[in-house]
Structure formats: structure tokens, C-alpha cells
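J.: Turn this into a model:
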Amino acid sequence: MVLSRTTARGRPTFAGGCHMSIDPEQPIPLYFQLKTLLLQAMIRGDYGPGDRLPTEHELCERYGLSRTPVGRALSELAEEGVILRHRRRGTFVNPHWAPRRGTELRIVVPAEGPWEGLIHKTAPDDLAISVVAVPRSDLYHTLTHAVAEGQAPDLAVLDSVWMPEFAASGFLHPLEDLDETWIRAEFETDFLPPLITANRYQGGTYAVSLSADVAGLWYRRNELQRLDLEPPETWADLSAVGHALLGDGITHPLALPGGSKGAETTTYCLLAFLASNGVEVLGPGAVTLGQPRTVQALTFLRQLVEEELLPAEAVGYEWNRPIRLLARGQAGISFGGSYEARALAEKMDVELGELADHVGFIPIPRGPEGGAPASLAGTMVCGIFRQAAHPLLAWRLLRHLTAPEPLAAIGTATGRIPPRRSAIELIDDDPLLDTAVGVLEKAVIRPRTPVYPRVTAQLQSMLEASLLGQLSPAQAASRAAELISAITGLPLSDTLVDASHSG
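T.: All right, here's what the predicted structure looks like:
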């Protein structure tokens, strides 16, 4: 749409002689008038699927409006799935808002990561596809809103933490119904065991992993070698290494996302640390978080703060702050995930293939009650929606996406772990990848519950309250266990600690 001139306040004239107006004298709110005009323009084809809309500033100038009604009009259109807003890129007409063309497959992926490129490169030439990339922060809402509107995509790439909720709500197609032979012959024999479990809910397979990662500790090799230190294998080792780094002038010996600001990364690291002391949040039929081993873990982390090995400001760290501190040499050891390899290489200005010369990656050192170092597996998965217009075509595309060759290509390009053994074998020797694969084989996974988003919020609050000293470790663990019990409907384990006398 080309603006030729403005004839009066709020009455721009567009090429072709089409007049569009906003009348401030009308009882209809200004934002709603603008929203209607934009919808009409899209329906006429002035803005086609994928086209960029004018910026908020441009719309203010064109229609003589303040930012408040313009912002609300765009926010409601985005909320309704009509447009897509990308930070620093602009606002675009959602290609999936327009009527579907023939047997076109509609796919939604996170904008961050290799997913859109993977699909375009891997899809067979005879499949018509339409891929919409959504900022990861908006992905959950985009998918749930599309389902509510009866306009779910055929296929989507999503975080495995949402899979149980989507499966329990009937959003996703059980893949056994589409091709049980492939599930038995390839998925169950070639994919790594923790990822098989992560893609299942109540006995059904609802997604397939595209990549995997594990939680652990990144450390700077030079710093440890200069002090003649070995990577820590136990909590006691971790404390000793931290004190040595502090004595050597490292500002932040240890870095950890310690609160809700770190969002899911905080939970990711915390769950791995709890696992290193033999703790599960949910056991068979009960909430097992509020046990003495959890208190022991929280007490150790609180001691790290008191001994100035971990800054109290960690509760306010964004998810990627610890790895940035490590890259700049301001931290010697950082809690994090193997998925941070590429970002770490970029921040340290080294090639991904050379990263292992500068840093190492290990599982979380074992605690007093842990049998071995531990980790948590994360995975991005691909699922087919029950509302899919073409489920068999979607399954055909999913088979192509999860073949060994494209999965190996993702691993090589990103440093992430391919989810199946045949794909791992295609990658050249990589010390960091070899370590991560070994860690993944024995990693635990997140609690599989449809209410996981509410569970993770309580885990973040538990850690934050303990690190800040707002609650004692026993009180924090007990409170979180009780709230998670209320959220999940599961009873509390009979091994809970008594926090009534804790200060």
C-alpha cells in the first residue's frame, strides 16, 4: 500500500483513489477504527500474507493518532493471530491468517534457532509448505490461541516442557496412530533413551526430538590449569575450586541464574543440581521435593552466597548472564546448558570447532547423597496437531526432518546434540559434543506434568527465597512442595522435612 498524500486529519488517500478514514467524532474507539481499517486492507489484499505493515510511528502519522490507540490496535491483532510482531524487524501479516491453499502444510517454529532453514532445506520438493517463525517468547500463546480458534498448524517445533500439557489437552496427534512401525523400528531403537521418555505422555508418543542439550558446568580451562585445579567432581570440589578462583582475583568465581529473571534456565540448572543429590520433584504418585536432600542442596547453594563464591545478585540474572560473565573472564565456572556452545564461541571470538581449547563442560558434581554427577536433558521437539488438515503429509515431512542427515547438520551448525545415535555417528570428532552425549545418556528429564509452567514458577521462587535468605532452606523446600502438591493434585511424600521450627 502506497500513501500518496493526506487530505485531512485521519483521511489518508492511497494509490488507486481508495479513501480510508478515522473519525474522532464517532462513538467507536479510535483503536477499534484503526484495527478495522487494517483488517479491511488485508482482506482487500493491500497487505498480503507475509507483507510488512507500517511501523507504529508511521501509523500514528498517517492517521493523526497517538501511540496509545495504535499500540492497542496492533496488540489486539497480534493477540488474535492476524499479525506477527518481531522485535527490531517489524510487524507482518501472518501468512496462516489467509485461507489455506490446496494441500499446503502449515508449520510454526521458533524464530530463534535453525528451524525455519531446516524445514525449507529438508522438505521434499513436491510438498507445499508455509512456515511461520514466531519469537520464542510468543510461541506458546501463538500455538494455544491457534488451537482455540480451530486454526492449529499441521506441524510445530516446540519446547518439550509443553508437550505433556498439549498431549493431555488433546492438541497433539499420537504418532502411533500415524506410523506405529516407524515408532517401534526407528524411534525406540535409535533415539537416546531420555529423549524417548521426554516425547511420551501416558504411554503415547506425541512428538519427536530435533535436537537435545544437557545441563552442567562450563569452566575456563586456563584459569583452572593456572591454579593446577581439576574440574570438580563433588560439591566439596566445587566449593574448593570456587575459593581458589576467588583468591586469584576472579570477580565471580561461580555464576548461576538464581531466580525468576532467569526463567526456565533457572529451573533447568536447579533441577540438574537437585538430581546431583538424588532429588526428584515428582516421584511415583507424590511430590517428593520437600525432602532432606533438597534442603541439603539449597543449604549448599546458600553457603556459596555467604562465602562470596556466588553473588546474591544472581537472583536477578537474566538467563544468559552467567555465560556472558564466563566469556568475559569475570566468572571461572558457569552453570548452564550445552546448547550455549555457539553463543559462547561467538562471545569469546573463537570458532565453534576450537571452543574446546578454551572451555570445558562437565555434568553437575555429585552431592553427598548423589551416586554420581548428574544432568538434566532438554530437547526441542516436533509434533503434529490433531487439527492438522493434512496429518499424513505432516508425518511425511516429520520423517524427513528427523532423518539422521538433517539432524547431524543441526548438530554441526549449532553445537547441539543430535537426538539419535545414527546422526551422532555422522559428526566429526568433537570433544564437547562427545562429552555432552555421554552426559545425556544418563540425564534426567523435567517433571512430566500438564501443569509444568506453574511447577517451574514455584521452583524458581524456592531457589530465589533461599538464596536471598527470605526463607530458610527447609522453609523454602517445604513451601514449594506444598504449593506444587496443590497445583498438581498429588499428595506430599511422607519423607518431608519439618520446617516449622526453621529460622
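J.: Give the full set of residues in contact with the most centrally placed residue in the chain.
T.: Closest to where the C-alpha atoms of the chain average out (C-alpha atoms, centre = their mean) is Asp159, at 5.5 Å. For Asp159, the contact set (C-beta atoms under 8 Å, 6 or more residues apart in numbering) comprises 139, 264, 378, 380-381. Any C-beta I mention is one placed from the backbone N, CA and C, and that applies to glycine too.
J.: Tell me, what's the model's pLDDT at it?
T.: Asp159 carries a pLDDT value of 93.
J.: which residues does it bridge with?
T.: Judged by DSSP bridges, the bridge partners of Asp159 are Met380.
J.: Among the contacts of Asp159, which one has the most neighbours?
T.: Within the contacts of Asp159, neighbour counts (other C-beta atoms under 10 Å) peak at Gly378, which reaches 31 neighbours.
J.: right, and it touches Ser160 too?
T.: Yes: using C-beta atoms under 8 Å, Gly378 makes contact with Ser160 at a distance of 6.9 Å.
J.: joint contacts of the two?
T.: Counting by C-beta under 8 Å, 6+ apart, the contacts common to Gly378 and Ser160 are Arg446.
J.: re the thing from before, quick one: which of the contacts of Asp159 is nearest to Trp182?
T.: For these, the closest approach to Trp182 (C-beta to C-beta) belongs to Val381, at 15.6 Å.
J.: and the closest one, what is it in contact with?
T.: Applying C-beta under 8 Å, 6+ apart, the residues contacting Val381 are 157-160, 163, 198-199, 207-210.
J.: Please pick the buried ones from those residues.
T.: Applying 16 or more other C-beta atoms under 10 Å to the contacts of Val381, the neighbour count classes 157-160, 163, 198-199, 207-210 as buried.
J.: pLDDT on stretch 388-401, on average?
T.: 96.
J.: Count the residues that sit near Tyr63.
T.: Neighbourhood size, Tyr63 [other C-beta under 10 Å]: 24.
J.: Among the contacts of Val381, which ones are in strands?
T.: 157-159, 208-210 (DSSP state E).
J.: now these as CSV including distance to Arg44?
T.: CSV is the format used below for the ones in strands among the contacts of Val381 (distance: C-beta to C-beta, whole Å):
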residue, distance to Arg44
Val157, 33
Leu158, 34
Asp159, 38
Val208, 41
Ser209, 43
Leu210, 39
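J.: Would you point out the most distant pair within these?
T.: Across the ones in strands among the contacts of Val381, the longest distance by C-beta to C-beta is 13.9 Å; it joins Asp159 and Val208.
J.: just the strands in the stretch 1-150 of the chain please.
T.: All strands of the stretch 1-150 of the chain, identified by DSSP state E, counting those that start in this stretch, fall at 3-8, 11-14, 18-19, 83-86, 90-93, 105-110, 129-134.
J.: where among those strands is the average confidence lowest?
T.: strand 3-8 (a mean of 32).
J.: So for Ala272, what's the pLDDT?
T.: Ala272 is assigned 98 on the pLDDT scale.
J.: Spell out which helix or strand contains it, please.
T.: helix 263-275 (DSSP states H and E).
J.: got the contact list for the very next helix or strand once past that helix?
T.: Downstream of helix 263-275, the first helix or strand assigned by DSSP H and E is strand 282-283. The contact list for strand 282-283 (C-beta under 8 Å, 6+ apart) reads 288-289, 447-449, 484, 488, 490, 493.
J.: Direction included, what does strand 282-283 pair up with?
T.: Assessed with DSSP bridges, strand 282-283 is paired to strand 286-287 (antiparallel).
J.: Which secondary structure elements does the helix or strand just after the strand it pairs with sit against?
T.: Following strand 286-287 in sequence order, the next helix or strand is helix 292-306 (DSSP H and E). If contacts are counted by 3 or more C-beta pairs under 8 Å, 6 or more residues apart in numbering; DSSP states H and E, helix 292-306 sits against helix 235-247, helix 263-275, helix 452-468, helix 473-488.
J.: And the contacts of stretch 243-256?
T.: With C-beta under 8 Å, 6+ apart, stretch 243-256 has contacts from 223, 226-227, 229, 238, 241-242, 269, 301, 304, 307-311, 314, 317, 321-323, 325-326, 329-335.
J.: what about 6 Å?
T.: Applying C-beta atoms under 6 Å, 6 or more residues apart in numbering, the contact partners of stretch 243-256 are 227, 229, 242, 309-311, 314, 322, 325, 330-335.
J.: Stretch 259-270 too?
T.: 215, 257, 315-319, 335, 456, 459-460, 463-464.
J.: what about burial for those residues, which qualify?
T.: Applying 16+ other C-beta under 10 Å to these flags 215, 257, 315, 317, 319, 335, 456, 459-460, 463-464 as buried.
J.: about what we covered before: which two in the contacts of strand 282-283 are spaced the farthest apart?
T.: Arg448 and Ser493 (17.3 Å).
J.: Can you give me the distance of the residue nearest to the centre of the chain to Phe187?
T.: 19 Å (C-beta to C-beta, to the nearest Å).
J.: what's the burial count for Gly102?
T.: Neighbours around Gly102, by other C-beta under 10 Å: 7.
J.: Name whatever forms a beta bridge with the spatially closest residue to Asn94 that is not a sequence neighbour.
T.: Spatial nearest neighbour of Asn94, chain neighbours left out: Leu84 (5.1 Å); criterion: C-beta to C-beta, 6 or more residues apart in numbering. Beta-bridge pairing of Leu84 under DSSP bridges involves Phe92.
J.: Pick out whichever of the contacts of stretch 259-270 sits closest to Lys121.
T.: When the contacts of stretch 259-270 are compared for distance to Lys121 (C-beta to C-beta), Trp319 wins out at 28.6 Å.
J.: give me the number of residues near the nearest residue to the closest one once chain neighbours are set aside?
T.: Nearest non-adjacent residue to Trp319, counting by C-beta to C-beta, 6+ apart: Thr265, 3.7 Å away. The tally of other residues near Thr265 (other C-beta under 10 Å) stands at 26.
J.: With Val82 instead?
T.: Val82 has 17 neighbours, counted by other C-beta under 10 Å.
J.: sorry, back to before: now the helices and strands packed on helix 292-306 in a markdown table, with distance to Asp126?
T.: Listed next are these as a markdown table, based on distance: least, C-beta to C-beta, whole Å:
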| stretch | distance to Asp126 |
| --- | --- |
| helix 235-247 | 54 |
| helix 263-275 | 38 |
| helix 452-468 | 38 |
| helix 473-488 | 46 |
